[in-house]
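>>> Based on what follows, work out the 3D shape:
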Amino acid sequence: MLSEDPEEAKNIILCEKPAISEDSGHLEPQLLDALIDNISMMSSIYYKTPETFVKKIRDRINERLDLETDE
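Next up, the predicted model:
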């Protein structure tokens with residue numbers, strides 16, 4: 001693009017860009033504290049506490065353990 005149409009490249013590069021906004025202030029303080037405690041975990045990516053998406057796996061593991069102990 002630079003060699004074909006330098007003016008068009010200049011227009012694209014120097015065009016008005018949208019403002020960058022920060023939305024970290026919208027998290028509840030308790031959730032923010034929980035995310036900070038789990039910063040190296042998937043919960044910090046999902047913006048959810050581990051209990052909200054790990055529960056199903058934990059329940060299945062508990063069911064299997066219950067079955068094994070019943071036998």
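>>> measure Ser43 to Leu2 for me?
44 Å (CB to CB, to the nearest Å). To be clear about C-beta, it is placed using only N, CA and C from the backbone, and glycine gets the same treatment.
>>> Alpha carbons of the longest helix along the chain, as PDB, please.
The residue-count maximum for a helix in the chain (DSSP state H) belongs to helix 50-70. Coordinates of the C-alpha atoms in helix 50-70 are reproduced here as PDB (Å, rounded to 0.1, in the frame of the first residue of the first chain):
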ATOM      1  CA  PRO A  50     -13.900 -20.200  40.200                       C
ATOM      2  CA  GLU A  51     -17.000 -21.600  42.000                       C
ATOM      3  CA  THR A  52     -19.300 -20.400  39.200                       C
ATOM      4  CA  PHE A  53     -17.700 -22.500  36.500                       C
ATOM      5  CA  VAL A  54     -15.900 -25.200  38.400                       C
ATOM      6  CA  LYS A  55     -19.000 -26.400  40.300                       C
ATOM      7  CA  LYS A  56     -20.100 -28.800  37.600                       C
ATOM      8  CA  ILE A  57     -16.800 -30.600  37.400                       C
ATOM      9  CA  ARG A  58     -16.600 -30.700  41.200                       C
ATOM     10  CA  ASP A  59     -20.100 -32.200  41.400                       C
ATOM     11  CA  ARG A  60     -19.200 -34.900  38.900                       C
ATOM     12  CA  ILE A  61     -16.100 -35.800  40.700                       C
ATOM     13  CA  ASN A  62     -18.100 -36.000  44.000                       C
ATOM     14  CA  GLU A  63     -20.700 -38.300  42.300                       C
ATOM     15  CA  ARG A  64     -17.900 -40.600  41.100                       C
ATOM     16  CA  LEU A  65     -16.400 -40.700  44.500                       C
ATOM     17  CA  ASP A  66     -19.700 -41.500  46.100                       C
ATOM     18  CA  LEU A  67     -20.200 -44.300  43.600                       C
ATOM     19  CA  GLU A  68     -16.800 -45.800  44.400                       C
ATOM     20  CA  THR A  69     -17.400 -45.600  48.100                       C
ATOM     21  CA  ASP A  70     -20.800 -47.300  47.800                       C
END
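>>> just to revisit the earlier point, Ser43 and Leu2: which is more packed in?
With other CB atoms under 10 Å as the criterion, Ser43 and Leu2 differ in neighbour count, and Ser43 comes out ahead with 20 against 9.
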